[in-house]
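> show me how the following folds:
(one chain, ligands or ions: 1)
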Amino acid sequence: MKFGFDIDDTLINLREHAFNLYKQKLNKQLSRDDFLAIKRVEIHEPFGLSDEQGKEMWNSSLEEIYFTDCPAFPGAIETLLELDHQGHDIYYITARPKEHGERTKDWMKEQGFPIQDDHFYYGMKDEEKVHIIQDLDLDFYVDDKPSVLRTLSNTSVNLVVKDQSYNEEVKVARIVDWVDFMTVMNNE
Ligand SMILES: [Mg+2]
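Prediction:
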């Protein structure tokens, strides 16, 4: 079968990693609970930044956010290695900007994710992911963003949402923990 994965906040814990970087950069004492209480994808609010300032902060920190030591979610690498081992095709579809695409691929390989060079897509807009996913004729696709999953609701791909504070309303198969992926997949 063909499996597709978003990267940020689906396979790796990017927002929390960025939140911790912001704490250092802005010298703010915030707790993990403050992070978990954020109910939107953007993380700037607890730092007292406006949406515009938040966007600026994100873009000026991007290189550091992407290419330092952001952890994969527990079980994510192991799950993809197992799928690979079972002979399935694994695709990555990330909306990270084009200029960071190849370096992201290398970074993901370094983390231990199984990656075939021509199975790695980047640089599209969130709403353009649907075209790649349909062209690839994926059996399963996992993402965290409600707006992306919504564009796929009328397609034949089996959707799985990686549980996050901002996607509670998404009504598709859900994984809180990557160790549950195989069970969820087998029940679809
Ligand atoms: Mg994502």
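
> ok, residue 46 - contacts?
Neighbouring residues of residue 46 by C-beta atoms under 8 Å, 6 or more residues apart in numbering: 28, 30, 34, 35, 37, 38. Backbone N, C-alpha and C define where each C-beta goes, glycine included.

> can you name the two of those residues that sit furthest apart?
Between all members of the contacts of residue 46, the longest pairwise span (C-beta to C-beta) is found for 28 and 37 and amounts to 14.5 Å.

> if we can go back for a sec, secondary structure and neighbour count for the contacts of residue 46 - can I get that in a markdown table?
What follows is the contacts of residue 46, written out as a markdown table (DSSP: H, G, I helix; E, B strand; the rest coil; neighbours: other C-beta atoms under 10 Å):
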| residue | secondary structure | neighbour count |
| --- | --- | --- |
| 28 | coil | 13 |
| 30 | coil | 15 |
| 34 | helix | 16 |
| 35 | helix | 18 |
| 37 | coil | 12 |
| 38 | coil | 18 |
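
> any chance of those residues in a markdown table with distance to residue 69 and pLDDT as columns?
Below are the contacts of residue 46 laid out as a markdown table (distance: C-beta to C-beta, whole Å; pLDDT from 0 to 100):
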| residue | distance to residue 69 | pLDDT |
| --- | --- | --- |
| 28 | 20 | 96 |
| 30 | 19 | 97 |
| 34 | 21 | 97 |
| 35 | 17 | 97 |
| 37 | 24 | 95 |
| 38 | 21 | 96 |
